[in-house]
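*Asks:* Predicted coordinates and the sequence they were generated for:
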Amino acid sequence: LTAVSAFKRQDPNASVTPAIAFHFNVTNLGLRKAQTAVFFNLPNMLANMTDVMTYFKPFKSQMNTGFTLTVDGFSPPKATTGNITVAVMARTDAVAVDNITTKSFGTLADAWQEFVEGNGSFYGGHVETGAKHTAVAARLWIEANASSQITVILSWFFPYRFWADVEIGQFYSNFFSSSEDAADSMASNFVSVLEAVKDWNDEAMFTHKQARFTAAFPSNFLADALVNSPGAMTKTAIFLEDGRWRQFESHSCAQMEPPHIHGYRSIAFHALFPTLEHQTLMLYADQMTGDGLVSELFGGGCFSASKSYNLDKAMGGARGDDNAVFIMDVYMNWLNYDQPAGRGFLELVWPKVTLAIRWQMEHASKYGLTEDLVNTFDEHGLMGDVNSYNAFMYLSSLSAALRLIDITSAPNATFRAEVLKARDLGVETLHKLLWTGTFYRSFWCADNETSPDALQSDVLYGALWDQMFNFNTTVPTENMVSHLREERKRNLTPYGMQFCTGRTTPSYHCGAKGDDGRRHAPN
């Protein structure tokens, strides 16, 4: 059994069909012709809801035979208004499925019993509108020592999606009018769907444009990440009827598109669906504050976002990695363009990029690295006056900034000199304050050396971007190798990487702390 859905790299419109195809490949190992059958049941799961009408009806087209469950009766329509179809493809690989029957039942046990007694079909089959269960059965003869296929399609159409009681719709409703329409589309395009999925899983996907993503790493590592990433992408995303693609922070946080989270998924996203990833980048640019801050919050907080309709409203929140993600993402997007379109894109966003770069340098003016800023680790992100995670993000983003300055239509030599000076000072500070001789310590405090041997996992994430794009930030490779060895030696557990080891105090914060345990300015 193989389950597939429409998924075509770099083509979002061809990847939104609301359907799954369950493709059964059956082999007859015997010496005689044999018969096989499949069974698929759908319960009327919404039958007990008030003020709603649910009903089954048979469905038959040139491509499929099955049934549809429709949910109706809401006025105005609700999110559960729509329909679900279960159908068997009439032909698979040019082999006709010779017997497809549908029937309604009171219980799943009744349906299964009749399927068994009928040798893979239902006798006297008919579909009852108010049934509790409806099932489809399909039989197929297979020659001796041969294989054949039966494909069952489960499709749906629920176009009324809401956010804060405002209808935002579903993007797929621009292409389909019902679940039956979606089922027929899946059946008629099934061969191309299989080819696209194979292509997605094939290492041949690394074309010359994607080669920059794999040059520093064994290709199978990135291939695995790319193949498995869409599951998380789609489960934490909404695709609005108007074409906007928005992602939640996570399964447990409904705020929209925080940059410090987008940074992690942007690399895979850019290779798979660059136009959707580009939407998020432009959201950051459009909603940037006047002083260059890329906001951490959009639409509201984790538990209040759904109370506000404006999904794109910037809510502020300064972090040590959000601006860095934006700057590096601009560079990654520029690489994807064919010229001269790339130069046009860069000229469009360059005023915002300049603001974002200056915001970072201003927040690194005291020590040479961004100071006193939380990052993606949330309550653990405010670590010291400076910390390694923010440091590597900052330095790599300044290296990206230098690249961007050089490719603008009129490079500003004065601005470039400022950025280069800040980048070089940051590298110097990194090794003066955070390098222990074998690893980069988690954080540093100006007033004391709290937990000088604290080793945090994943602080080199910024360096990953540096390696991918060959920024040459001048952080010695041997230092990073040594650091990773120490991470593996000290932080690896049977359950994965421990967040931090070697702390000698319970707090990450420098200076005085109030009753809430958070940092306050020292006296």
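*Replies:* Structure received. Keep in mind it's a predicted model, so treat the numbers as computed, not measured.
*Asks:* Low-confidence regions, the stretch 1-150 of the chain specifically.
*Replies:* Across the stretch 1-150 of the chain, the ranges flagged by pLDDT under 70 are 47-52, 73, 91-98, 125.
*Asks:* Also the chain?
*Replies:* Where the chain drops to pLDDT under 70, the residues are 47-52, 73, 91-98, 125, 203-226, 305-309, 379-382, 449-450, 505-509, 511-523.
*Asks:* Centre-most residue in it?
*Replies:* Ranked by distance to the mean C-alpha position of the chain (Cα atoms, centre = their mean), the top residue is residue 233 at 2.2 Å.
*Asks:* Confirm that one sits in a strand?
*Replies:* No. With DSSP: H, G, I helix; E, B strand; the rest coil as the criterion, residue 233 is helix rather than part of a strand.
*Asks:* pretty sure it contacts residue 247?
*Replies:* Yes. Taking contacts as Cβ atoms under 8 Å, residue 233 lies within contact range of residue 247: 7.1 Å. To be clear about C-beta, it is placed using only N, CA and C from the backbone, and glycine gets the same treatment.
*Asks:* got the contact list for the residue nearest to the centre of the chain?
*Replies:* Shown in contact with residue 233 (Cβ atoms under 8 Å, 6 or more residues apart in numbering): 247, 265, 268-269, 272.
*Asks:* Where do the strands of the stretch 201-350 of the chain begin and end?
*Replies:* Here the stretch 201-350 of the chain has its strands, by DSSP state E, counting those that start in this stretch, at 237-239, 245-250, 253-256.
*Asks:* follow-up on the earlier one: which of the contacts of residue 233 fall in helices?
*Replies:* 265, 268-269, 272 (DSSP state H).
*Asks:* Mark which of the residues you listed are buried, thanks.
*Replies:* Using 16 or more other Cβ atoms under 10 Å as the burial test, the ones in helices among the contacts of residue 233 include 265, 268-269, 272 as buried.
*Asks:* just the helices in this protein please.
*Replies:* With DSSP H as the criterion, the chain has helices spanning 108-117, 179-188, 190-201, 211-214, 219-235, 259-272, 274-286, 322-336, 341-362, 388-407, 413-429, 461-469, 477-491.
*Asks:* circling back to that earlier point, which of the buried ones among the ones in helices among the contacts of residue 233 lies closest to residue 345?
*Replies:* Of all these, residue 269 has the smallest distance to residue 345: 17.2 Å, by Cβ to Cβ.
*Asks:* residues contacting that closest one?
*Replies:* Residue 269 is in contact with 229, 233, 276-277, counting by Cβ under 8 Å, 6+ apart.
*Asks:* again, 7 Å this time
*Replies:* Neighbour list for residue 269: 233, 276-277 [criterion: Cβ atoms under 7 Å, 6 or more residues apart in numbering].
*Asks:* Can I get those in CSV including distance to residue 290?
*Replies:* Shown next, in CSV, are these (distance: Cβ to Cβ, whole Å):
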residue, distance to residue 290
233, 32
276, 28
277, 26
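*Asks:* between those, which is nearest residue 460?
*Replies:* Residue 460 lies nearest to residue 277 out of those, by Cβ to Cβ, at 22.9 Å.
*Asks:* Identify the residues contacting the closest one.
*Replies:* Each residue near residue 277 by Cβ under 7 Å, 6+ apart is listed here: 266, 269-270.
*Asks:* can you redo those as a markdown table with distance to residue 406?
*Replies:* What follows is those, written out as a markdown table (distance: Cβ to Cβ, whole Å):
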| residue | distance to residue 406 |
| --- | --- |
| 266 | 22 |
| 269 | 26 |
| 270 | 21 |
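*Asks:* Okay, the nearest residue to residue 273 once chain neighbours are set aside and residue 451: tell me how far apart.
*Replies:* Nearest residue to residue 273, sequence neighbours excluded (Cβ to Cβ, 6 or more residues apart in numbering): residue 12, at 5.5 Å. According to Cβ to Cβ, to the nearest Å, residue 12 and residue 451 sit 46 Å apart.
*Asks:* max-length strand in this structure?
*Replies:* Longest strand in the chain, counting residues (DSSP state E): strand 146-157.
*Asks:* chain center to that one, what's the gap?
*Replies:* The chain centroid and the centroid of strand 146-157 are separated by 27 Å under Cα atoms, centre = their mean, to the nearest Å.
*Asks:* Partner strands of it and their direction?
*Replies:* strand 19-28 (antiparallel), strand 82-89 (antiparallel) (DSSP bridges).
*Asks:* closest to residue 145 out of those?
*Replies:* Using Cβ to Cβ, the nearest of the strands paired with strand 146-157 to residue 145 is strand 19-28, at 6.7 Å.
*Asks:* Show me what counts as buried in the closest one.
*Replies:* When burial is assessed from 16+ other Cβ under 10 Å, strand 19-28 yields the following buried residues: 19-24, 26, 28.
*Asks:* what's the spacing between stretch 318-326 and its chain's center?
*Replies:* How far stretch 318-326 lies from its chain's middle: 19 Å, per Cα atoms, centre = their mean.
*Asks:* what's the burial count for residue 157?
*Replies:* Look at residue 157: counted by other Cβ atoms under 10 Å, it has 24 neighbours.
*Asks:* nope, residue 482 is what I meant
*Replies:* Neighbours around residue 482, by other Cβ under 10 Å: 17.
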